[in-house]
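>>> okay, sequence plus prediction incoming.
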Amino acid sequence: MQYLTVSDEIVPAIYSLNIKQRFTSVGCVLSCGDLPYYYLEFIVTMLCVPCYYVLGNHDTSEQMETGEVLTAPRGCLTLEATSTMHEGLLIAGLGGCVRYNQEPGPQYTELEMLLHIWRLAPRLVVNRLRYGRYLDVLLTHAPPYGIHNGPDRPHRGFRAFLMFMDLFAPRYLIHGHVHRSYGIRGPWESRYRRTVVINTAGYRLLSFDPAEGIAP
């Protein structure tokens, strides 16, 4: 089974009527934020698969031509500070980026992100008691501090995510926020202790075997 991970950039190969032919083996979509709601709705409608997401710092309400105001992509499930299991994969989410201005959209100080982690922690403890591990994948918008960071403050990662990986040791942390259109270059995959950190800006395809984990 393959997971389609998306973030930050609309990819023509995905936003296409041929999406079903290109991604026939995809069984789930994971979004790391900063994508128009219509884009995620298009993906889940065309592929007929579940989509779990976190918000990026540019994700705010969207007004439709009909006047309807959307505060979230329809047909998608939020993972903001919560956890779920999909086909044997334990997934949790922490959206937003480091606060750098007063614009609308999820931006947090380090302390605020620590509070989000504190809210999530009881669910992870339940996972540990029930399944023998806290989680497999942490889905975020921003990267961890010092890993895949951009040169400017808006694209700096959270120190809180380093602490999260130290404590809960997810197999993977998948993020967006830092992408090539800003002139930022890789690497796009790194290891921090027991966690592989993957930048999915644009998209990635990940294969999951419940017995072995994810194979990018």
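Looks like it arrived, so ask away.

>>> buried stuff in the longest helix along the chain?
Criterion DSSP state H: the longest helix present in the chain is helix 110-131. Across helix 110-131, burial judged by 16 or more other C-beta atoms under 10 Å covers 113-114, 116-117, 120-121, 123-124, 127. Every residue, glycine included, has its C-beta placed from N, CA and C.

>>> and which of these is nearest Thr71?
Nearest to Thr71 among the buried residues of helix 110-131 is His116, at 18.5 Å by C-beta to C-beta.

>>> so for the closest one, what's the pLDDT?
Note on His116: pLDDT of 97.

>>> ok, it - contacts?
81, 94, 108 (C-beta atoms under 8 Å, 6 or more residues apart in numbering).

>>> may I have the phi/psi pair for the residue sitting nearest the centre point of the chain?
Against the mean C-alpha coordinate of the chain, by C-alpha atoms, centre = their mean, the closest residue is Cys32 at 2.9 Å. Main-chain dihedrals, Cys32, degrees, to the nearest 10: phi -100, psi 20.

>>> for it, what are its contacts?
With contacts defined as C-beta under 8 Å, 6+ apart, Cys32 is in contact with 5-8, 53-54, 56, 139-141, 174-177, 200-201.

>>> try 7 Å this time
Neighbouring residues of Cys32 by C-beta atoms under 7 Å, 6 or more residues apart in numbering: 5, 7, 54, 139-141, 174-176, 200.

>>> for the residues you listed, give me JSON lines that also has pLDDT and distance to Ala13.
Below are these laid out as JSON lines (pLDDT from 0 to 100; distance: C-beta to C-beta, whole Å):
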{"residue": "Thr5", "pLDDT": "98", "distance to Ala13": "14"}
{"residue": "Ser7", "pLDDT": "98", "distance to Ala13": "15"}
{"residue": "Val54", "pLDDT": "98", "distance to Ala13": "23"}
{"residue": "Leu139", "pLDDT": "98", "distance to Ala13": "22"}
{"residue": "Thr140", "pLDDT": "98", "distance to Ala13": "24"}
{"residue": "His141", "pLDDT": "98", "distance to Ala13": "22"}
{"residue": "Ile174", "pLDDT": "98", "distance to Ala13": "19"}
{"residue": "His175", "pLDDT": "98", "distance to Ala13": "21"}
{"residue": "Gly176", "pLDDT": "96", "distance to Ala13": "17"}
{"residue": "Thr200", "pLDDT": "96", "distance to Ala13": "15"}
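
>>> for the helix or strand just after the longest helix of the chain, packing partners?
Counting by DSSP states H and E, the next helix or strand C-terminal to helix 110-131 is strand 137-140. In terms of contact count using 3 or more C-beta pairs under 7 Å, 6 or more residues apart in numbering; DSSP states H and E, strand 137-140 is assigned the packing partners strand 89-94, strand 172-175.

>>> neighbouring contacts of stretch 118-131?
So stretch 118-131 is contacted by 81-83, 90, 92, 94, 133-135, 168 (C-beta under 7 Å, 6+ apart).

>>> what do you get if the cut-off is 10 Å, keeping everything else the same?
The contact list for stretch 118-131 (C-beta atoms under 10 Å, 6 or more residues apart in numbering) reads 79-85, 88, 90, 92-94, 117, 133-136, 138, 164, 167-168, 170.
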